[in-house]
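Build the 3D model from these lines:
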Amino acid sequence: MQHAGKHGSGMIYRTLDPKQIEEIHSASLRILSEIGVLVHHDEALALFSGAGALVEGKNRVYIPAYLVERALRSAPSSITLHNRLGEPALLLERSKVHYGAGSDTLVCLDPFSGERRPWVSENVAEAIRLVDALPQLDFVMSMGLLSDVDKRMINRCQYALMLKNSVKPQVVIAEDAPTLADIIEMAAAVMGGKEALRHRPHFALYCEPTSPLQLPFESVGKVLLAAEAGVPVNFACGAVAGASTPVTVAGTVAQASAEALCGLVLHQLKNPGAPFIYGYGDSPLDMRTMQPLYSVPEALLLQGALCDLARFYELPSWGYAGCSSAKLFDEQAVTEATIYTLLGALQGCNIMHDVFYIESGRTGSLELLVLMDEVISRVRFLLKGVDTSADHLAVEAIRRVGPAGNFLGDEHTARHFRNSWQPSLSDFSSFSEWEEAGSKSTGERIKEKIERLLKEHRPMPLAPAVEKEVD
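Just a heads-up that it's a prediction; the model follows:
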């Protein structure tokens, strides 16, 4: 059953009916209790065993349903992320939607020359600064993998660039627990100490299990450290349906949810009440090309299912928007990214990342990033729905104007016309006016906007003493 209705702060599109939610939840519990997971971390094994899970052999863990239910009861249903100034910025609950960029693309697509090249620190700093300047982008991620620093320092250097080039909340990648520990130290330096960071979290951590049904040492170490530090964490598989998860949408959802719930149980065993974000992704394997695909309908169905399950579990949700499998900033990229951005909002996904991904996450396009900023603005206007108050029903205005009149001169029009949606890129002029202004395409206007924002926008700098500590 699929329908649109009002939920929380906006409209919502449901993918699963209540019976389907119960069926998937039941399947996930059976996977955890009957099939189990491989856990490659001694402390995690001890936590599971001490809580009543069966540990078979060296590291196969069977998790009973009551541990999942207990973890769901202890995890908070709402998380607030703060900006660098310590101000509440993102409220992750129910169907409130937020958008941000992605992390760790391999290739930067130059918006001016079209050249494909590896990311260097200057490019990443500019990309993060651009996200900071765009009003509809709510959080930053690392954008690209740095090719000009020691490989062991990539995540640390990315995080320093995030702190220096944006005040917005963050979603963070860390390769292992020691890397995350250093990132926490940097964030604490900015936020006024570790206790201040615990009470006003500036970032959420993204990490993954290894599908199918394995908890690798590095990921588990990060989950345990995040729980201990009170850092919000998302433990989300990056499913490749047909390879690492079942080829069917329902099968992928059941397994992916089991993996997320397994991470939740471990997280809550370490620190009950620590903040956890529920979610996962799906890039189905194209059996013709053996390439994982972004933004295909199956991936959108999976995201809708996870949003419905997140509300069932009363946990914040994690997902995707504004991304594509296209190789260029072209018609395919715009189509796929726009559909994902709109549908993710209607699904009520709390925190959607990867706005600017093309080539299924290998390449980052700043042109797509800027275009999606306007698309998100359109989407957010739609989510407001229709105001049917007496003033907006305008019966008195219609009475004043009467039959055969017009509303241009009426005071009701004067009071309300500025509330209409306004574009930041689209051109609504006549052909002759557009021609007189230079006949610029949307792509040309996007390039001009990127150039202007990079030239003019300067986020609030870190205090010198804090920047020194971060470095």
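
What does the nearest residue to Ile63 once chain neighbours are set aside show for phi and psi?
The spatially closest residue to Ile63, leaving aside those adjacent along the chain, is Leu32, at 4.2 Å (Cβ to Cβ, 6 or more residues apart in numbering). C-betas here are computed from N, CA, C, even on glycine. Comment: the main-chain dihedrals of Leu32 come out as phi -70, psi -40, following degrees, to the nearest 10.

surely Leu32 meets Glu69?
No. Contact status for Leu32 versus Glu69: not in contact, 11.5 Å apart, counting by Cβ atoms under 8 Å.

Among the two, which residue is more densely surrounded?
Ranked by neighbour count (other Cβ atoms under 10 Å), Leu32 and Glu69 place Leu32 first, with 25 against 13.

which ones are touching the more buried one?
When contacts are counted by Cβ atoms under 8 Å, 6 or more residues apart in numbering, Leu32 touches Tyr62, Ile63, Ala65, Val68, Ala258, Leu261, Cys262.

what about the fourth one, which SS state?
Okay, so that is Val68. Under the three-state scheme (DSSP: H, G, I helix; E, B strand; the rest coil), the conformation of Val68 reads as helix.

worst-scoring helix or strand of the protein, pLDDT-wise?
The helix or strand of the chain with the lowest confidence, counting by mean pLDDT, DSSP states H and E, is strand 4-7 at a mean of 42.

Wasn't Gly114 part of a helix?
No. Gly114 is assigned coil when assessed by three-state DSSP, not a helix.

Distance of it relative to Ile450?
13 Å (Cβ to Cβ, to the nearest Å).

Who has more neighbours out of the two?
When neighbours are counted by other Cβ under 10 Å, Gly114 and Ile450 differ, and Ile450 comes out ahead with 20 against 10.

Show the contacting residues for the more buried one.
With Cβ under 8 Å, 6+ apart as the criterion, the residues that contact Ile450 are Pro111, Leu130, Leu366, Glu367, Val370.

As a markdown table, those residues with pLDDT, distance to Gly52 and secondary structure would be great.
Formatted as a markdown table, the contacts of Ile450 follow (pLDDT from 0 to 100; distance: Cβ to Cβ, whole Å; DSSP: H, G, I helix; E, B strand; the rest coil):
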| residue | pLDDT | distance to Gly52 | secondary structure |
| --- | --- | --- | --- |
| Pro111 | 95 | 55 | coil |
| Leu130 | 98 | 49 | helix |
| Leu366 | 98 | 50 | helix |
| Glu367 | 98 | 53 | helix |
| Val370 | 98 | 52 | helix |
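
Farthest-apart pair in those residues, please.
When these are compared pair by pair using Cβ to Cβ, the two farthest from each other are Leu130 and Glu367, 10.7 Å apart.

Just the closest of the contacts of Ile450 to Ile21, please.
Of all those, Ile21 sits closest to Val370, with 37.3 Å by Cβ to Cβ.

was I right about the closest one contacting Leu134?
Yes. Proximity of Val370 to Leu134 meets the contact threshold set by Cβ under 8 Å, at 6.8 Å.

Show me which helix runs longest in this protein.
Using DSSP state H, we find that the single longest helix of the chain is helix 249-270.

got the CA coordinates for that one in CSV?
Output of helix 249-270 as CSV, limited to C-alpha atoms (Å, rounded to 0.1, in the frame of the first residue of the first chain):
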residue,chain,number,x,y,z
VAL,A,249,14.3,-5.5,-2.6
ALA,A,250,12.6,-7.3,0.3
GLY,A,251,15.6,-9.6,0.8
THR,A,252,18.1,-6.7,0.8
VAL,A,253,15.9,-4.8,3.3
ALA,A,254,15.6,-7.8,5.6
GLN,A,255,19.4,-8.4,5.6
ALA,A,256,20.4,-4.8,5.7
SER,A,257,18.0,-4.1,8.6
ALA,A,258,19.5,-7.1,10.4
GLU,A,259,23.0,-5.7,10.0
ALA,A,260,21.9,-2.2,11.2
LEU,A,261,20.0,-3.7,14.2
CYS,A,262,23.1,-5.8,15.0
GLY,A,263,25.2,-2.6,15.2
LEU,A,264,22.5,-1.0,17.3
VAL,A,265,22.5,-3.9,19.8
LEU,A,266,26.3,-3.7,20.2
HIS,A,267,26.2,0.1,20.4
GLN,A,268,23.6,0.1,23.2
LEU,A,269,25.4,-2.7,25.1
LYS,A,270,28.4,-0.4,25.2
